[in-house]
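Participant: Compute the structure for the input listed below.
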Amino acid sequence: MSAPQATNGGGRWGDLRARVLSAVAMLVLGAGAIWWGGLVFAELAIVVSGLMIWELSAMTAPERKFEARLLGVLASLILAAVLWLHSPLALVLLILPSVIGALTQRRDRAIYAVYALAVMLTGYGLVALRAGHGLGAITWIIAIVVVSDISGYFAGRTLGGPKFWPRISPKKTWSGTVAGWIGAAIVGWIFVLFGGGHGLIWLSPLLAFAGQMGDIAESWIKRRASIKDSSHLIPGHGGVMDRFDALIGAVLMLLLIAQIMPLPLSEG
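Facilitator: Numbers count the residues shown, from 1 in each chain. As a prediction, this is how the structure comes out:
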């Protein structure tokens, strides 16, 4: 997740109040949907995926605002159709927002196409994870992203130090990055205590690293577009992509690992 810029002349903690209030609102909405699962959680994933495609399209073709909205709506409809059809053959439809958007006039068409597919796979993957492995699994991966983000945010601002990748994400430090890994390992250890497989202890920092790469990837896209935030939908956080960029990286890594080995998660 991308750390927002300080505002209102409050120095390095100037954005904290808006950040916390927005985070609480997102937590209540997200936790409710995660708890209910099923159609409620699927609907949230569908809406969030559509919003991210809208933001991505607007960043890569800022002069084509109406087209960006259409692509966002199309992405939501496609994800809804794939989830409703519930067929492996339907998964190919997830590439449609990438193909359609790449055929229109915009900068960085290849980047748009790849990232749009990542967004669609993430939306589908989250719903599949909730349905297949239950509440604990989805709570685990979201906890990894949130804890690694929070620990990295405070460690980076408190300890400072060398930058992790200054050309792409100038605010991210090695101290914050490592703190994120440690926080994720603690999350994995806690879930092991509650019955998860021991593989969660090493898998959690790996997903945190993938999440940090997702954060950096989105920062790179924004830097190419010369913007600070993907949109201004969420006070203190920027846009939807700014909040879910790390989740994209983590979920894609989990989907990849699931093709190689059984996940140390309970079923249903």
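
Participant: Verify the contact between Asp215 and Asp245 for me.
Facilitator: Yes - using CB atoms under 8 Å, Asp215 is in contact with Asp245, at 5.1 Å. Yep, even glycine has a C-beta here, placed from its N, CA and C like the rest.

Participant: Tell me who's in contact with the nearest residue to Gly123 once chain neighbours are set aside.
Facilitator: Once flanking residues are discounted, Gly123 sits nearest to Ser49: 3.5 Å by CB to CB, 6 or more residues apart in numbering. Neighbour list for Ser49: 75-76, 79, 119-120, 122-123 [criterion: CB atoms under 8 Å, 6 or more residues apart in numbering].

Participant: so Lys172 sits in a strand?
Facilitator: Yes - applying DSSP: H, G, I helix; E, B strand; the rest coil, one finds Lys172 inside a strand.

Participant: Which residue ranges of the stretch 151-268 of the chain form helices?
Facilitator: Listed in chain order, the helices of the stretch 151-268 of the chain (DSSP state H, counting those that start in this stretch) span 174-193, 199-225, 240-260.

Participant: May I see the ones you listed organised as TSV, with mean neighbour count added?
Facilitator: Putting the helices of the stretch 151-268 of the chain into TSV (neighbours: other CB atoms under 10 Å) gives the following:
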stretch	mean neighbour count
helix 174-193	21
helix 199-225	22
helix 240-260	22
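
Participant: for those, which one sits closest to Ala102?
Facilitator: Closest to Ala102 of the helices of the stretch 151-268 of the chain is helix 199-225 (CB to CB; 14.6 Å).

Participant: helices or strands next to the closest one in the packing?
Facilitator: Contact analysis of helix 199-225 by 3 or more CB pairs under 8 Å, 6 or more residues apart in numbering; DSSP states H and E lists helix 38-60, helix 109-159, strand 163-165, strand 169-173, helix 174-193, helix 240-260 as its packing neighbours.

Participant: State the mean pLDDT of the longest one.
Facilitator: For helix 109-159, mean pLDDT rounds to 92.

Participant: With the first one instead?
Facilitator: Averaging the model's pLDDT scores along helix 38-60 yields 96.

Participant: what's downstream of it, the next helix or strand?
Facilitator: Per DSSP states H and E, the first helix or strand lying C-terminal to helix 38-60 is helix 65-85.

Participant: any idea of the angle that next one forms with helix 109-159?
Facilitator: Going by axes from the mean of the first three to the mean of the last three CA atoms, to 10 degrees, helix 65-85 is angled at 90 degrees with respect to helix 109-159.
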